[in-house]
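Student: quick check, what structure comes out for this input:
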Amino acid sequence: MVQGTLKPNKSKKISKPAQQAKKAAKKTFAPRKSSIVTSSNLKKKHSAGIASGTERLLSSRVGHLELLKGSRREIEKVEREKKRKEKSGQKK
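Tutor: Next comes the predicted model:
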């Protein structure tokens with residue numbers, strides 16, 4: 001007998017949605033002792049100040065004035081203090 005054309009096989013496998021890759025684990029573990037916790041918090045707090053101070057120093061040498069002026073809050077605070085001084089000078 002002559003064979004007819006082959007029928008295409010439809011796969012009956014159900015495709016699973018692609019899984020997201022797992023996040024990498026933390027490289028450092030948070031401290032548990034209260035004394036170490038406070039010291040790590042202080043370290044974290046002051047390291048940001050050191051970094052910003054270093055940036056200001058470098059920007060002053062290079063001449064980037066936008067970094068030297070300070071943040072928006074610092075500028076507004078200085079302006080408020082100037083206005084208070086002017087008002088207190090007028091009252092007297």
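
Student: any idea which helix or strand carries the residue nearest the centre of the chain?
Tutor: When CA atoms, centre = their mean is applied to the chain, the residue found nearest the centroid is residue 48 (11.6 Å). In this assignment (DSSP states H and E), residue 48 forms part of helix 34-62.

Student: mean confidence for that helix?
Tutor: Helix 34-62 shows a mean pLDDT of 87.

Student: what is it packed up against?
Tutor: Secondary-structure packing of helix 34-62 (3 or more CB pairs under 8 Å, 6 or more residues apart in numbering; DSSP states H and E): helix 65-69. For every residue, glycine as well, the C-beta is placed using N, CA and C.

Student: what's the following helix or strand after the helix it packs on?
Tutor: helix 72-91.

Student: quick one: average pLDDT of that following helix?
Tutor: 83.

Student: please save the CA atoms from it in CSV.
Tutor: Extracted in CSV, the C-alpha atoms of helix 72-91 (Å, rounded to 0.1, in the frame of the first residue of the first chain):
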residue,chain,number,x,y,z
ARG,A,72,17.4,73.3,47.3
ARG,A,73,16.6,73.0,51.0
GLU,A,74,19.9,74.5,52.0
ILE,A,75,19.4,77.5,49.7
GLU,A,76,15.8,78.0,50.9
LYS,A,77,16.9,77.9,54.5
VAL,A,78,19.5,80.6,53.9
GLU,A,79,16.9,82.8,52.2
ARG,A,80,14.5,82.3,55.1
GLU,A,81,17.2,83.3,57.6
LYS,A,82,17.9,86.5,55.5
LYS,A,83,14.2,87.4,55.5
ARG,A,84,14.0,86.9,59.3
LYS,A,85,17.0,89.1,59.9
GLU,A,86,15.5,91.8,57.6
LYS,A,87,12.2,91.7,59.5
SER,A,88,13.8,91.8,62.9
GLY,A,89,15.9,94.8,61.8
GLN,A,90,12.8,96.7,60.7
LYS,A,91,10.9,96.1,63.9
